[in-house]
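Enquirer: Predicted model and sequence follow; I will ask about them next.
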Amino acid sequence: MHLAINAYFWNRPNTGSGQYTRQLVYHLDRLVRDLEITLIYPQLSGQHIPQDVPPDVNIKCLPLSAGHLGKVYFEQITFPRACRNIGADIAHVPYWGSPLQSPVPLVVTVHDVTTLIVREYRREINARLYNALVSASAKAAGHIITDSQASKRDIVNHLAVLEQNVTVIYLAASLAYKPQQELLVDMTILKKYDLPDLVLAGRKPQEASNRYPDYEGLINKLDLEDHIHWAGYIDEEDKPAVYRAASSFAFVSRNEGFGLPPLEAMSCGVPVVTSNCSSLPEVIGDAGFTLDPDDERQIAGSIIATIVQEDLAANLRQKGLAQAANFSWEKTATETLMVYDQLVGQ
């Protein structure tokens, strides 16, 4: 079987779609001997070719025009044309951006439909137009893969596709996320980010908006400037050490297709406090606190409990490691291959 993969996010391993694409290719390549894989990579002028590609995975670089229209042209025209030209048996778009028509059987992974559900993501006309395009193209795909039962329900409800055309395949944390410390490496990384009591990881929003509240104003109002630190962007290779240094990990999100960060934290032996929304209860199980994201008092109490109650924290660490062990990229790749086989065999 010859598999063509849309590699738009390959050189962006700091994104969820980039991580997913890489891990899927790495494990399919390692586990399946009779599978030929070709990455169809859109390349801007002067841009690097795909990095860290396994030696026996083919790469086909095609020119990409800058901007949103260039991305849409690649998805709708360039990628399906390349699938035909290389003689692929099946194509996979590992993010919500598949073509309306494909010359070969097509699988698309729709991680979530947050941009349809959350109003703030569809205020601009370009966002609404793109949502309409990729919604129609997902319905035209041979099969849809998604990350959770919660996302499957959203896809069936909002894209009006049949349940039997959507398969849930869970993701996983990479093997780098483990509880065992690498003492000197971890110490160096923690010093790099100068971590104090409470860390807000990720880039700080430049200003308050419909998507982001006024974090800075709230911190100042509560007189917490000396206790809260914006760590900024955390390099992927540094994340395991940052997790391991934490006493508690809070991830209070309303919409997640899967929720890799809580799984990564559990894999590192860190107690997790998260929401009872969307896919997060599926990922966490009974191995952490899953709470109403609007109940600030209960969230704060749970975070404090994981820090001051050592017996509770130890129990959650054990449960978290056991829960995280239920997810693996080998399982993800194997179940994805089954979808390919089923579609090609039709």
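Expert: Received, thanks. Numbers count the residues shown, from 1 in each chain.

Enquirer: What separation is there between N157 and K239?
Expert: Distance of N157 to K239, given as Cβ to Cβ, to the nearest Å: 33 Å. Heads up, the C-betas are built off the backbone N, CA and C, glycines and all.

Enquirer: Neighbour count for those two, which is higher?
Expert: Set N157 next to K239 and count neighbours by other Cβ atoms under 10 Å: K239 wins out with 21 against 12.

Enquirer: Find the nearest non-adjacent residue to the more buried one, please.
Expert: Of all residues not flanking K239 in the chain, E264 sits nearest, at 6.8 Å (Cβ to Cβ, 6 or more residues apart in numbering).

Enquirer: residues touching that neighbour, list them.
Expert: E264 makes contact with 173, 177, 239-240, 243, according to Cβ atoms under 8 Å, 6 or more residues apart in numbering.

Enquirer: all strands for this structure, in order.
Expert: 2-6, 36-43, 58-63, 90-93, 106-109, 143-146, 166-168, 198-201, 228-232, 249-251, 272-275, 289-291 (DSSP state E).

Enquirer: Show me the shaky parts of the stretch 101-250 of the chain.
Expert: Within the stretch 101-250 of the chain, the segments meeting pLDDT under 70 span 121-122, 195-198, 202, 210-211.

Enquirer: Go again with 90.
Expert: Confidence mapping of the stretch 101-250 of the chain against pLDDT under 90 gives the ranges 114-129, 131, 180-235, 245.

Enquirer: Tell me which stretches of it form helices.
Expert: Ranges of helices in the stretch 101-250 of the chain, per DSSP state H, counting those that start in this stretch, are 114-117, 125-140, 149-159, 183-193, 215-221, 239-244.

Enquirer: Which one, of the ones you listed, ends up nearest to V283?
Expert: V283 sits nearest to helix 149-159 of all the helices of the stretch 101-250 of the chain, at 9.8 Å, using Cβ to Cβ.

Enquirer: For that closest one, give me every contacting residue.
Expert: Helix 149-159 is contacted from outside by 110-113, 116-117, 135, 138-139, 144, 146, 161-163, 166, 168, 257-258, 278-279, 282, using Cβ under 8 Å, 6+ apart.

Enquirer: okay, now the nearest residue to E225 once chain neighbours are set aside: neighbour count?
Expert: For E225, ignoring the flanking residues on the chain, the nearest one in space by Cβ to Cβ, 6+ apart is I219 at 6.1 Å. Neighbour count for I219, taken as other Cβ under 10 Å: 16.

Enquirer: per-domain residue ranges of the chain.
Expert: Under the assignment automatic domain parsing, the domains of the chain span 2-172+328-344, 183-324.

Enquirer: For D238, see how far away the spatially closest residue to E237 that is not a sequence neighbour is.
Expert: Spatial nearest neighbour of E237, excluding adjacent residues (Cβ to Cβ, 6+ apart): A176 at 7.5 Å. In this view, A176 and D238 are 10 Å apart by Cβ to Cβ.

Enquirer: go on, F258?
Expert: According to Cβ to Cβ, F258 and D238 sit 22 Å apart.

Enquirer: for stretch 301-320, what is the average pLDDT?
Expert: Average pLDDT, stretch 301-320: 96.

Enquirer: Please write out the alpha-carbon positions of it in CSV.
Expert: Below are the C-alpha coordinates for stretch 301-320, written out as CSV (Å, rounded to 0.1, in the frame of the first residue of the first chain):
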residue,chain,number,x,y,z
GLY,A,301,-9.4,23.9,46.3
SER,A,302,-8.4,20.9,44.2
ILE,A,303,-5.1,22.5,43.2
ILE,A,304,-4.3,23.3,46.8
ALA,A,305,-5.3,19.8,47.9
THR,A,306,-2.8,18.2,45.4
ILE,A,307,-0.1,20.4,46.8
VAL,A,308,-0.6,20.2,50.5
GLN,A,309,-2.1,16.6,50.9
GLU,A,310,0.8,14.3,50.1
ASP,A,311,-1.2,11.1,50.4
LEU,A,312,-3.7,12.5,47.9
ALA,A,313,-0.9,13.6,45.6
ALA,A,314,0.8,10.2,45.8
ASN,A,315,-2.4,8.4,45.0
LEU,A,316,-3.0,10.7,42.0
ARG,A,317,0.5,10.1,40.7
GLN,A,318,0.0,6.4,40.8
LYS,A,319,-3.4,6.6,39.1
GLY,A,320,-2.1,9.0,36.5
